[in-house]
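S.K.: Prediction below, plus the sequence it came from.
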Amino acid sequence: MDLAYSAEEEEFRARLRAWLAVVLPALPPRPDPLDWPARRAYDCGWQRRLHDAGYADVHWDASPTQRLIFLEETELAGAPYVGANFVGLLHAGPTIAAEGTAAQRERWLPPVLRGDEVWCQGFSEPGAGSDLASLRTKAVRDGDAYVVSGQKIWTSHAEVADWCELLVRTDPTAPRHRGISWLAMPMDAPGVTVRPLRTLAGSTEFAEVFLDEVRVPVANRVGDENDGWRVTMVTLSFERGTAFVGEVVACRRLLGELARTARENGTWDDPVLRRRLGRLSAEFQALWRLTQANISEAQATGGVPGAGGSVFKLHYSHARQELYEAAATVLGPDALDLGRDWTLDRLSSLSYTIAAGTSQIQRNIVAERILGLPKGR
Amino acid sequence: MDFRLTEDQRALRKGVRELLARLFGREALRAAVDSGGLDRELWRELGAAGFFALRLPEEEGGVGLGLPEAVLLFEEAGRVLLPGPLVATHVAAGAVPGAAEGAVVVTSASEGLVPWLDEADVVLGEAEGAVPVRSVDPLTPLHKVPGTGGCAHPSPEGGPPRRAERLPTTVSTEAVSALLAAAEQVGSAGRTTDMAVAYAREREQFGQVIGGFQAVKHLCAGMLVRAELARAAVRAAAVTADPVEIAGAKLLADEAATANARDCLQVHGGMGFTWEADVHLHLKRAWVRAELWLPAARAEEVVAARL
């Protein structure tokens, strides 16, 4: 059990910290959080800076420990989050890197790393959310293309995306997990219609996507035909395993801010509130340690993160929601002001126990894959 | 950074688990519950195995290991509900003669409670005028200290415990005690998770094992999450030895042990409510440990103070 970082890792940290100190003050002001086109431009600009400084592929090629340090340092320094590049950098990118052909990696990965192309996730459908395998969007082979028809929903960043990681049914007669394929679909293809959905936070970060006989080249299929479920499981383990770890650091920072505010406005004198913040602090500290344990395991085994990510996500998503509820107690009437970041974040946090697999689905994963309990309803 | 157990630590844990299976299996546990007494022979065997001397330097006859290893030891003790003032005797090793070897039983007062006062040879801390309590845990006799007072009275063999040279009650003594108690809680939380899962895979209702029902699965998954989070917190606190991190770890470990024992009882249904099932022993011990060394309200204040 060693929590100390190696000299090499500390050197990486120092170099990154020095670079952040120079580059962050020179960044343009942040866009309106509800304005996705502006956010795309801003997030891609940040990604371009990371690329030029040699940090672009930290999510893929760096060691898990370096990735941890990267997420910790960028968050502590208040650097921008991946934002619109979330799917490309943390989701589709790692999947193509792991499962794609040399030509596919060459075509799609560099633009993601440079911040030139944005991806969205076309997994969920109106009838296939938590039960992802019941998806119905169909792809029929026609020469060197698939003809795709159907509907996707909850498609994050669809409004501003260039590409979509699309799950389609290529064999309607096969058992439901076996007839699925993973396609890279250009969002400007004829037949693609994006209708932004307004979230309860007022943002249009996700959308419905209607697909009407969209032609997608067969060459855009990642993995074998009808093997898309396995490819998808690789994607999801990335999402659950590493995509959220940096946010623990954000929560620890937010909690510190909250305590300062509470001391200023006098709510800190309430022992019930004070102790509630103390408990949350202990939880986020423990989540950070759990992250380090998971990263150590991933580093040692060299594999993609396993079901341990579900253990993390289950507690994290609940604790983060609880953080905003505690914040509302500290802020009082200010918690009703949409002009405060806290208020928007509180609203956004309501998705954490739903997105990327609901807490109920995560509990099934933990019960079945870690504890070995039988599958069932 | 490599926050996994080393080869040596894994070997230590395996050795301790085997030792405790031999010294204190389930039959021994139930016999101890019936007798309610402290087994001196067991205490000496624990001493001979290095349980109390683990962190003493080798030149002082100890094993020369550190807090991370001690935490693994106490996790295993918590798993099997090993009885007695283990934490106090371990912490006193090196300061109280005979403690390291398991020849002397040391207890200490904490939060106005003194476990095992009548059975102990030495008591540390404020135990003046302590009166017996009908302890909820059949394997942890308790005395309660009214108000504040001095040290316990000296006594020869057989009588009430003799007064100890008070150990310097530094923050670290209390923090180490809290950490080791937290490790026991983690061990118990892991054990009740295993018990619930084993029962859920075997017990049938409505024509299938109950572990196939989502309502039961979700209880079990929640138990694993609590235990894993607390384990990461306790092990990290053992590495950093930071008093605030220790307080946070105690908080989560107390929560994991008590909530998991309750959920384990729920999974066991009516069986869980019987004296015969071991579930209540885990719950009652977890309640006792939660009241000793940094109970929730104080631990929360300690963590909050650094925010």
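M.R.: Yep, it's here. Numbering: from 1, shown residues only, chains lettered A, B, ... in the order given.

S.K.: going forward, measure contacts between C-alpha atoms and count neighbours the same way
M.R.: OK.

S.K.: top helix in the chain by residue count?
M.R.: Picking chain A for this. helix A:271-301 (DSSP state H).

S.K.: wrong chain, I was asking about chain B
M.R.: Identified as the longest helix of chain B according to DSSP H is helix B:171-200.

S.K.: Report the buried residues of that helix.
M.R.: Neighbour counts over helix B:171-200 (16 or more other C-alpha atoms under 10 Å in any protein chain shown) mark B:174-197, B:199-200 as buried.

S.K.: pLDDT averaged over the strand or helix carrying residue B:262 - what is it?
M.R.: Residue B:262 is located in helix B:243-268, with elements delineated by DSSP states H and E. Throughout helix B:243-268, pLDDT has a mean value of 98.

S.K.: Would you map out the domains in chain A?
M.R.: Domain assignment for chain A, taken from the TED database, gives A:7-114, A:119-226, A:230-370.

S.K.: per-stretch mean pLDDT over the ones you listed, give me the minimum one.
M.R.: Note on those: domain A:230-370 shows the lowest mean pLDDT, a mean of 89.

S.K.: what about the longest helix of chain B and chain A, any contact?
M.R.: Yes. Against chain A, helix B:171-200 shows contacts by C-alpha under 8 Å from any C-alpha of the partner chain at B:197, B:200.

S.K.: Could you pull up the residues touching residue 145?
M.R.: Assuming you mean chain A. Residues near residue A:145 by C-alpha atoms under 8 Å, 6 or more residues apart in numbering or on different chains: A:215, A:216, A:217, A:218, A:219.

S.K.: not what I meant, chain B
M.R.: Counting by C-alpha under 8 Å, 6+ apart, residue B:145 has contacts B:112, B:113, B:114, B:126, B:127, B:128, B:129, B:130, B:131.

S.K.: Repeat the analysis, applying 10 Å as the threshold.
M.R.: Taking C-alpha atoms under 10 Å, 6 or more residues apart in numbering or on different chains, we find residue B:145 in contact with B:109-114, B:126-132.

S.K.: same deal with residue B:45?
M.R.: Here residue B:45 is in contact with B:19, B:23, B:51, B:101, B:102, B:103 (criterion: C-alpha under 10 Å, 6+ apart).

S.K.: switch the cut-off to 8 Å
M.R.: Here residue B:45 is in contact with residue B:102 (C-alpha under 8 Å, 6+ apart).

S.K.: tell me which parts of the stretch 1-150 of chain B are close to chain A?
M.R.: B:1, B:2, B:3, B:4, B:5, B:6, B:68.

S.K.: one step back: now a PyMOL select for only the buried ones of the contacts of residue A:145.
M.R.: Per 16+ other C-alpha under 10 Å, the buried members of these correspond to this PyMOL selection:
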select buried, chain A and resi 215+216+217+218
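
S.K.: The closest residue to residue A:120 other than its chain neighbours and chain B: what is the separation?
M.R.: Spatial nearest neighbour of residue A:120, chain neighbours left out: residue A:164 (4.8 Å); criterion: C-alpha to C-alpha, 6 or more residues apart in numbering or on different chains. Residue A:164 sits 33 Å away from chain B, going by C-alpha to the nearest C-alpha, to the nearest Å.

S.K.: Number of residues surrounding residue A:164?
M.R.: When neighbours are defined as other C-alpha atoms under 10 Å in any protein chain shown, residue A:164 has 24 of them.

S.K.: what's the following helix or strand after the host helix or strand of it?
M.R.: Using DSSP H and E, residue A:164 maps to strand A:163-169. Heading C-terminal from strand A:163-169, the first helix or strand you meet, by DSSP H and E, is strand A:180-186.

S.K.: Run through the neighbouring helices and strands of that following strand.
M.R.: Helices and strands touching strand A:180-186, by 3 or more C-alpha pairs under 8 Å, 6 or more residues apart in numbering or on different chains; DSSP states H and E, are strand A:163-169, strand A:206-217, strand A:221-222, helix A:228-241.

S.K.: now the first one, how far from the centre of its chain.
M.R.: When you say that, I think you mean strand A:163-169. 17 Å (C-alpha atoms, centre = their mean, to the nearest Å).

S.K.: mind listing the helices for the stretch 51-200 of chain B?
M.R.: B:67-79, B:86-92, B:171-200 (DSSP state H, counting those that start in this stretch).

S.K.: name the helices or strands packed onto the last one?
M.R.: Contact here means 3+ C-alpha pairs under 8 Å, 6+ apart; on that basis helix B:171-200 packs against helix B:67-79, helix B:86-92, helix B:214-240, helix B:243-268, helix B:279-291.

S.K.: For it, what does the pLDDT average out to?
M.R.: Rounded mean pLDDT across helix B:171-200 is 95.

S.K.: Beyond that helix, next helix or strand please.
M.R.: Following helix B:171-200 in sequence order, the next helix or strand is strand B:204-205 (DSSP H and E).

S.K.: follow-up on the earlier one: save the helices of the stretch 51-200 of chain B as JSON lines, and put in distance to residue A:346 too.
M.R.: What follows is the helices of the stretch 51-200 of chain B, written out as JSON lines (distance: least, C-alpha to C-alpha, whole Å):
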{"stretch": "helix B:67-79", "distance to residue A:346": "38"}
{"stretch": "helix B:86-92", "distance to residue A:346": "43"}
{"stretch": "helix B:171-200", "distance to residue A:346": "32"}
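
S.K.: Which of the ones you listed sits closest to residue A:4?
M.R.: helix B:67-79 (14.1 Å; C-alpha to C-alpha).

S.K.: hmm, back to that, can you tell me which of the residues of the stretch 1-150 of chain B next to chain A are in strands?
M.R.: Taking DSSP state E, every one of the residues of the stretch 1-150 of chain B next to chain A sits outside strands.

S.K.: What's the ChimeraX line that selects buried ones from these?
M.R.: Burial among the residues of the stretch 1-150 of chain B next to chain A is assessed by 16+ other C-alpha under 10 Å; the matching ChimeraX selection reads:
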select /B:1,2,3,4,5,68
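
S.K.: In a markdown table, list the residues of the stretch 1-150 of chain B next to chain A along with pLDDT.
M.R.: What follows is those, written out as a markdown table (pLDDT from 0 to 100):
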| residue | pLDDT |
| --- | --- |
| B:1 | 90 |
| B:2 | 92 |
| B:3 | 94 |
| B:4 | 94 |
| B:5 | 96 |
| B:6 | 96 |
| B:68 | 96 |
